[in-house]
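**Q** I'd like to go over a predicted model; first the sequence, then the structure.
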Amino acid sequence: MKVTITPSKLEKILAAGHLAVTSECGPPRHGSPEVIEKKANLIGDYVDAINVTDNQTAVVRQCSLAACIRIKLMGLEPVLQMVTRDRNRIALQSDLLGATSYGIHNVLCLTGDHQRFGDHASGSNVFDMDSTRLLQTVKMMRDEGRLLSGHEMHEGRPQMFIGAAENPFADPFEIRVMRLAKKVKAGAQFIQTQCIYNMPKFKLWMKLLREEGLHEKVAILAGLTPMKNVGMAKYMKNRVPGMDVPDDIIKRLAGVPKEKQADEGIQICLEQIEELKQEEGIRGFHIMAIEWEEKVPEIVDRAGLYPRPSIN
Amino acid sequence: MIMAKAKPLEEILSYLEEFHRILVLGCNGCVAVCEAGGMKEAEVLASALRIQAMQTGKRREIHELSLTRQCDKEYLAELKDKLDGYDAVLSLACGAGVQFMAEMYGEKPIFPGVDTCFIGVTEEQGVWTERCQACGQCILASTGGICPIMRCAKRMLNGPCGGSEKGKCEISVLVGRDVDCGWHLIFERLKKLGQLSKFAEPALDKDWTLSRDGGPRLITREDVKP
Amino acid sequence: MRLSYPANIRIIKVPCTGRVAIIHLLKAFEKGADGVFVAGCLEGDCHYQSGNLRAKKRVAYVRHLLTSIGVNPERLAMYNLSAGMGPRFAEIAREMTEKVRALGPFLQPSTRAVELAESRVA
């Protein structure tokens, strides 16, 4: 049993040697509270922690912090996703303090999709910091009890389990492991990867990071997104930068009648989970069933990962 | 050089609606290099404006002139007494020149004739691209001579992000042309120079006070002041 | 060849249409032309490699400019023919004349009179 440094349930589950399961809730494009409540209730029992995305794809949604607070008050474990696109160091640190005040103990530090992808493309961007710098900031706030300015917090220090994202499928492949090492150095304790379809490439990345001993320094949670239909697969292949969808996935989905494609997509996802359970260094799964959260319980259950271990 | 491009003629015409004696003032500095506001462009624009006036039966007098630069008072001073005959000036200089004109000859309306875009270079005749964002603290020494503040769409200091694909920035799919991933370029360069170790260390913090965020900036050299 | 073409054509000879600058095209209208055409060599046959291609781009640019100032871009055109194609030149001259005539004078007669009067005084 490893030593944990925060009250984070996710950290404790990983430290106990279990395979962790996380998923995400996308907040709605309006201010009503029911959506987050409903989604969290749907998946809460089947995951160890719930990520809330932060204006994903630069589309305005209810803010991640508000949704995380709601999830926390529901008795569940939120992961606060923070992008550096929309907030400067003042706002980011401020939000971290706000999250701390509600007992939120997990944060995923991201740079964020460019705002031109979103619905407010004419807005300015911030990018005062990038994800690596944000990792350093959270670490400093937690371990030294200081803000970037040097100001010392005598109480209410963030107790955050710090995460980052990595995309083994983006270019240049050569530096993806170096980048991971840099993020670990900056403070990353867990990684949620971009969703995996190209298994050989993913395994190559895992092999390279194992060679650097990184699998012992950081918990890698494999990112998975079940395909709903062949249209979704094609879209992700051609229109999403950094996404690697091999042709055989497309062929497999196309070879099945339309009404069966969703089931096939889930089947693929389950096969991936089984394969990755055997991969050294994989410490869990991050299931991103975007706008398909209702499938998460089924996936977790059929993957033999239910019930989730209880941790005090 | 500062790169600019000509404003749409319709916009320029809307500025000049109520004026009858107009001077089109070119600048032989940066805007001449990017063929947006030099003497050649001033002549063409003045001719087009005269034709438009003729066509609409407007009584207008439009002349053109070009200065060596519009960002130095000694050149602007050459216009002293020459502006009496005009009721408006259309300056084709960059934003700095237009403002300097207005500061010296503020009794006349001075209108901009170009959109000032960026600090950049001439890739080839007819193609100009951005290189520098004047952040006030150059870090090119640590990035193999390639600027991440300008060439990375997210001005990351620890790039690339997860959207870099085949050496192109993720915004390429949105803007309809290939935008190089700045960090991919930096990586290739550092590799060539044998300096890949620079990648391993998290970058130092950026002090934005020295850039636009800190407010209007100033440089002085006491030793060259008279 | 002693072919006939309309007498209203004023020919300005250049060694290559690549020599024709944007300002020349505009000045022609400023000085009272109702229409302008640029006659260059056949594409691929330019003696100076690509002079006629540059001319093509400039003509396109000025047509666009004319549109923004409310002038019908049909008043300016580019044609390609070889030096030996006398009949074709005559044909082009007639075609262009007819086209421009149909568009009417570039300036209204009253404006034209004022312009001429003013230029005499100056």
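**A** Structure's in. What do you need?
**Q** got the contact list for B:A93?
**A** Neighbour list for B:A93: B:25-27, B:29, B:31, B:37, B:69-71, B:100-101, B:114 [criterion: C-beta atoms under 8 Å, 6 or more residues apart in numbering or on different chains]. C-betas here are computed from N, CA, C, even on glycine.
**Q** For stretch A:268-278, which outside residues touch it?
**A** Outside stretch A:268-278, the residues within contact range by C-beta under 8 Å, 6+ apart are A:19, A:196, A:199, A:222, A:224-227, A:249, A:252-253, A:282, A:285, A:287, A:299, A:302-303, A:305.
**Q** Cross these against helices and list the overlap.
**A** Of the positions in the contacts of stretch A:268-278, A:199, A:249, A:252-253, A:299, A:302 sit in helices, assigned by DSSP state H.
**Q** ok, of those, which come out buried?
**A** Among the ones in helices among the contacts of stretch A:268-278, those scoring as buried are A:249, A:252-253, A:299 (criterion: 16 or more other C-beta atoms under 10 Å in any protein chain shown).
**Q** Which one of those residues is nearest to B:G163?
**A** For these, the closest approach to B:G163 (C-beta to C-beta) belongs to A:I249, at 20.5 Å.
**Q** I'd say that closest one and A:T225 touch.
**A** No: the pair formed by A:I249 and A:T225 falls short of the contact definition of C-beta atoms under 8 Å, at 11.4 Å.
**Q** sec struct for B:W128, please.
**A** With DSSP: H, G, I helix; E, B strand; the rest coil as the basis, B:W128 sits in strand.
**Q** Skip the chain neighbours and tell me the closest residue to it.
**A** Closest residue to B:W128 apart from its sequence neighbours, by C-beta to C-beta, 6 or more residues apart in numbering or on different chains: B:M3 at 4.5 Å.
**Q** what pairs with that neighbour across the strands?
**A** Taking DSSP bridges as the rule, B:M3 bridges to B:F118.
**Q** returning to that earlier point: rebuild the buried ones among the ones in helices among the contacts of stretch A:268-278 as JSON lines, extending it with pLDDT and distance to chain B.
**A** Output for these, formatted as JSON lines (pLDDT from 0 to 100; distance: C-beta to the nearest C-beta, whole Å):
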{"residue": "A:I249", "pLDDT": "94", "distance to chain B": "18"}
{"residue": "A:R252", "pLDDT": "95", "distance to chain B": "23"}
{"residue": "A:L253", "pLDDT": "95", "distance to chain B": "22"}
{"residue": "A:I299", "pLDDT": "97", "distance to chain B": "23"}
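**Q** Can you read off the pLDDT for residue 17?
**A** By default, I'm working from chain A. Confidence at A:G17, expressed as pLDDT, is 95.
**Q** right idea, wrong chain: chain B
**A** Taken from the predicted model, the pLDDT recorded for B:E17 is 93.
**Q** for C:S110, same thing?
**A** Predicted confidence (pLDDT) for C:S110: 55.
**Q** next one: B:C117
**A** Per-residue confidence (pLDDT) for B:C117: 98.
**Q** ok, it touching B:E130?
**A** Yes: using C-beta under 8 Å, B:C117 is in contact with B:E130, at 7.5 Å.
**Q** Could you name every residue contacting both of those two?
**A** Residues touching both B:C117 and B:E130 comprise B:M3, with contact defined as C-beta under 8 Å, 6+ apart.
**Q** Would you map the strands across chain C?
**A** All strands of chain C, identified by DSSP state E, fall at C:36-40, C:76-80.
**Q** How about chain B?
**A** Using DSSP E, strands in chain B cover B:2-6, B:21-27, B:61-67, B:88-91, B:110-112, B:114-124, B:127-132.
**Q** what's the closest of those to A:M82?
**A** Ranked by C-beta to C-beta, the member of the strands of chain B that lies closest to A:M82 is strand B:127-132, at 29.0 Å.
**Q** For the chain, just list every one of the helices.
**A** In the absence of a named chain, this looks at chain A. The residue ranges that make up the helices of chain A, judged by DSSP H, are A:9-15, A:34-43, A:64-73, A:89-101, A:131-143, A:176-186, A:199-211, A:230-239, A:247-254, A:261-277, A:296-302.
**Q** that's the wrong chain, I meant chain C
**A** So, for chain C - with DSSP H - the helices run C:22-30, C:51-68, C:86-103, C:109-121.
**Q** Comparing those by mean pLDDT, which bottoms out?
**A** helix C:109-121 (a mean of 56).
**Q** Let me know how buried residue 101 is, in neighbour terms.
**A** No chain specified, so I'll use chain A. The burial metric for A:S101, expressed as a neighbour count using other C-beta atoms under 10 Å in any protein chain shown, is 11.
**Q** other chain: chain C
**A** Counted by other C-beta under 10 Å, the residues lying close to C:R101 total 13.
**Q** and what of A:V240?
**A** Other residues near A:V240 number 19, with proximity taken as other C-beta under 10 Å.
**Q** Next, work out how far apart it and B:V173 are.
**A** Here the criterion is C-beta to C-beta, to the nearest Å. By it, A:V240 lies 9 Å from B:V173.
**Q** OK, now which residue of chain C is nearest to chain A?
**A** When distances are taken as C-beta to the nearest C-beta, chain C reaches nearest to chain A at C:S68, 24.8 Å away.
**Q** my bad, chain B
**A** In chain B, the residue found nearest to chain A is B:G162; the distance is 3.2 Å by C-beta to the nearest C-beta.
**Q** Could you list the residues of chain B in contact with chain A?
**A** For chain B, the contact set with chain A under C-beta under 8 Å from any C-beta of the partner chain comprises B:153-168, B:170-175, B:181, B:184, B:187-188, B:196, B:199-203, B:205-206, B:208.
**Q** ok so, going back, which residues does the residue nearest to B:W128 contact?
**A** Residues touching B:M3, when contacts are defined by C-beta under 8 Å, 6+ apart, comprise B:30, B:34, B:36, B:116-120, B:128, B:130.
**Q** where does it land on pLDDT?
**A** According to the predicted model, the pLDDT of B:M3 comes to 98.
**Q** Now do it against A:F169, distance only.
**A** B:M3 is 35 Å from A:F169, where distance means C-beta to C-beta.
**Q** Counting neighbours, what do you get for the residue nearest to B:S47 when sequence neighbours are not counted?
**A** Using C-beta to C-beta, 6+ apart and skipping the chain neighbours, the partner closest in space to B:S47 is C:L26 (4.0 Å). Neighbourhood size, C:L26 [other C-beta under 10 Å]: 24.
**Q** same deal with the one 4 residues further on?
**A** Using other C-beta under 10 Å as the criterion, C:E30 is surrounded by 17 other residues.
**Q** Surely it touches B:R50?
**A** Yes: using C-beta under 8 Å as the test, C:E30 is close enough to B:R50 to be in contact (5.8 Å).
**Q** which bits of the stretch 51-200 of chain A sit near chain C?
**A** Contacts of the stretch 51-200 of chain A with chain C, taken as C-beta under 8 Å from any C-beta, are absent.
**Q** no wait, chain B
**A** Counting by C-beta under 8 Å from any C-beta, the residues of chain B lying close to chain C are B:8-10, B:13, B:40, B:43-44, B:47-52, B:54-57.
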